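Asks: structural data only, the sequence is not supplied:
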């Protein structure tokens, strides 16, 4: 900002001065000026507040989700496949609409627990006895995108804990089996608490995964 007043440099030896809303200060041997008061911060619209709150919730969910899956590079691999710099960005873009600020997941059927290039499971049935759940799926193909040796994984939420994703690696269970029975920890939940399950597969090298498919019981 130009100096519209003739302010001697020596006058600013002890610091800046303010005149009529303009602050004058010394920069080297020159006098510089700027507005004393910054323009008030723009008030965000309701839509902008909602978007910011949803993004914050997605960030929190990402941190919790990563603890649930451990070292599995599910989203990192797919982000690289799609040319996206960060795995959390892909997670946010696919799951952001499933979250409510301060609540966690609300749209369980559309939440993606996993993503990837392997063929997704085709669930044909799900039964529950207490905390034991059996998932059945079609398995009539063995190809590069659907090997009978693919490892079985089951992600889940308790209906009472929409901000606490969990996951079970079903060791010794494979795509070729066509079904798996998992015992979900009761975790002090009331008997009959709804469960939101996500079946997906990964190859034996954990370098490729399938999209998850939802089942609720």
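Replies: Looks like it came in fine. These figures come from a predicted structure and were not determined experimentally.
Asks: do you know how far the residue nearest the centre of the chain is from residue 204?
Replies: Note on the chain: the residue nearest the mean C-alpha position is residue 62, at 3.7 Å, using Cα atoms, centre = their mean. Counting by Cβ to Cβ, to the nearest Å, the separation of residue 62 from residue 204 is 27 Å. Bear in mind the C-beta positions are built from the backbone N, C-alpha and C, glycine included.
Asks: check residue 170 too.
Replies: Taking Cβ to Cβ, one finds residue 170 at 13 Å from residue 204.
Asks: neighbouring contacts of stretch 199-211?
Replies: 72-74, 77-78, 112-121, 123, 135, 137, 146-147, 149-155, 175, 180, 212-213, 215 (Cβ atoms under 8 Å, 6 or more residues apart in numbering).
Asks: stretch 128-139 too?
Replies: With Cβ under 8 Å, 6+ apart as the test, stretch 128-139 has contacts from 121-127, 148, 154, 175-186, 191, 195, 197, 199, 215, 217.
Asks: what's the first-to-last distance across it?
Replies: 21 Å (Cα to Cα, to the nearest Å).
Asks: mind listing what's buried in it?
Replies: 128, 131, 133, 135, 136, 137, 139 (16 or more other Cβ atoms under 10 Å).
Asks: now swap in stretch 187-197 and tell me
Replies: Neighbour count says stretch 187-197 has 189, 195, 196, 197 buried, by 16+ other Cβ under 10 Å.
Asks: give the next helix or strand downstream of the helix or strand containing the last one.
Replies: I take that to be residue 197. Element membership for residue 197, per DSSP states H and E: strand 195-202. The element immediately downstream of strand 195-202 (helix or strand, assigned by DSSP H and E) is strand 213-216.
Asks: strand partners of that next one, parallel vs antiparallel please.
Replies: According to DSSP bridges, strand 213-216 forms sheet pairs with strand 195-202 (antiparallel).
Asks: what segments of this structure are helices?
Replies: 46-69, 74-82, 87-95 (DSSP state H).
Asks: got a list of contacts for stretch 58-74?
Replies: 87-88, 91-92, 95-96, 99, 104-105, 114-116, 153, 155, 163-167, 202, 206-207, 209.
Asks: write the PyMOL selection for whichever of those residues are buried.
Replies: Buried residues among the contacts of stretch 58-74 (16+ other Cβ under 10 Å), as a PyMOL selection:
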select buried, resi 87+88+91+92+95+99+104+105+114+115+116+153+155+164+165+166+167+202+209
